[in-house]
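When you get a sec, could you give me coordinates for this:
(one chain, ligands or ions: 1)
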Amino acid sequence: MAYASHRSPLRPPRPDLTLARDCEQCLGWGTVVTRDGDHELCHVCQPDPADTEGPAASGS
Ligand SMILES: [Zn+2]
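Numbering: from 1, shown residues only. Presented below is the predicted three-dimensional model:
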């Protein structure tokens, strides 16, 4: 995977757009842009991801 060109985060946030749809904070995007220009999950509508890595859960 090539993540070099843009200053994208290593793990692009995967917001739940269903939750974000009615959110006024992120305007339905599910992500917000930080001062550093990074995208992160909207804290208002998106559940705290905590750690999505988990114990090597394979599959989809
Ligand atoms: Zn939101």
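
interface residues of this protein facing the ion?
Applying CB under 5 Å from the ion, we find that the chain lies next to the ion at 20, 23, 25-26, 42, 44-45. Where you see a C-beta, it was placed from the backbone N, CA and C, and this is true even at glycine.

Selection in PyMOL covering whichever of those are buried, please.
Buried subset of the residues of the chain next to the ion, written as a PyMOL selection, criterion 16 or more other CB atoms under 10 Å:
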select buried, resi 20+23+26+42+45
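
which ones among the residues of the chain next to the ion are found in helices?
Among the residues of the chain next to the ion, the residues falling in helices (DSSP state H) are residue 20.

could I get the residues of the chain next to the ion as a markdown table with pLDDT?
As requested, the residues of the chain next to the ion are exported to a markdown table (pLDDT from 0 to 100):
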| residue | pLDDT |
| --- | --- |
| 20 | 96 |
| 23 | 96 |
| 25 | 94 |
| 26 | 94 |
| 42 | 93 |
| 44 | 94 |
| 45 | 95 |
